[in-house]
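Got a predicted structure here, sequence first:
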Amino acid sequence: MCICVIDRENMFISWFEFFLLLAIFVSGIFAVRKLSRIVFRKYRVSLFATRVQRMNELLSSLYGNEENPYYVSLHFREEHHIDGEQFTYGEILPSSFAQLLNLTSPVAGEIFYDLGCGSGKAVFCAPLCFPFLKAKGVELLPPLFEYCSKLKNQFMQLVTENKYFKKNVPSVEFFQGDLLNVDFSDGNIFFLNATCFRDDDWNNLIKKLSALPVGVRVIIVTRHLENEAFELIETGTYSMSWGFSSVFIYRKTR
Ligand SMILES: C[S@@+](CC[C@H](N)C(=O)[O-])C[C@H]1O[C@@H](n2cnc3c(N)ncnc32)[C@H](O)[C@@H]1O
């Protein structure tokens, strides 16, 4: 009788201890998981910050001695009496653009397009910051297209000499033409600095964009993409060469 009571008490204590230990063990696992996620996120953020800094350094030396593209565009338009407001020049700031692009979650192997690429800054910036298979730019004005083409050779040289980027030399391409006539159906992420686009061009461009496959992301400066196939995924105010502008990021959902 006496032995039996002692056993029960022992049993009770050992079960209690077991559940206590189990609770400590499980909460320990959750705490370690949470902590490792925080550490991993911080590590990724610092890796990205380093990459953006290196990209900035490379683009500063690439553009450092070049003529200001604003004047390249302006002089050509004055000389040829081109006065369409869609050619008004302004451009991205690379660090700010890298943050924007990050919001589209680029996946390795995707293709980036800047439609109306100007001096090509966004095209050079994109594959330095993310593992794009290719970055392509389309520009209508000949001197700006020539500007990008000339810089492309210098860019390839700078990248192959750069310790940080030379392992994955990015592929960039430029096309001269009207963005409404170019086949960009292989693209996954598009950038449209559309502040000055004409309304009729804009509507035609939306028709072209809505023929693209589901999953495509579109970053647009100033304008809204009013089409039921696209869902707004992010919006914010970002720094551009002329000041702050509203930016809208869409994903094609159907
Ligand atoms: C505001 S700038 C933006 C440059 C560049 N995307 C950036 O943000 O750094 C717009 C550019 O689009 C070009 N553009 C305007 N209409 C175009 C068209 N129909 N086809 C191709 N390029 C065009 C202009 O010449 C200009 O260089």
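That came through fine. Numbering: from 1, shown residues only.

all contacts plus neighbour counts: C-alpha atoms, from now on.
Fine.

which non-adjacent residue is nearest the residue in the stretch 151-254 of the chain that the ligand sits nearest to?
The nearest approach of the stretch 151-254 of the chain to the ligand comes at residue 178, 3.5 Å away (CA to the nearest ligand atom). Residue nearest to residue 178 in three dimensions, not counting chain neighbours: residue 140, with 5.3 Å by CA to CA, 6 or more residues apart in numbering.

That neighbour reaches residue 176, doesn't it?
Yes - with contacts defined as CA atoms under 8 Å, residue 140 counts as touching residue 176 at a distance of 5.4 Å.

Quick check: which ranges of the stretch 1-150 of the chain have low pLDDT?
Within the stretch 1-150 of the chain, the segments meeting pLDDT under 70 span 1-12.

which parts of it sit against the ligand?
86-92, 114, 116-118, 121-122, 138-141 (CA under 6 Å from any ligand atom).

what residue is smack in the middle of the protein?
residue 101 (1.6 Å; CA atoms, centre = their mean).

List phi and psi for the closest residue to that one other than its chain neighbours.
Spatial nearest neighbour of residue 101, chain neighbours left out: residue 126 (7.5 Å); criterion: CA to CA, 6+ apart. Per-residue torsions, residue 126: phi -50, psi -50 (degrees, to the nearest 10).

Can you give me every residue that contacts residue 126?
98, 101, 112, 132, 135 (CA atoms under 8 Å, 6 or more residues apart in numbering).

any idea which element residue 99 lies in?
helix 94-102 (DSSP states H and E).

likewise residue 173?
For residue 173, the host element (DSSP H and E) is strand 172-176.

And the following helix or strand past that strand, how far out from the chain middle?
Per DSSP H and E, the first helix or strand lying C-terminal to strand 172-176 is strand 189-193. Centre-to-centre, strand 189-193 and its host chain are 9 Å apart (CA atoms, centre = their mean, to the nearest Å).
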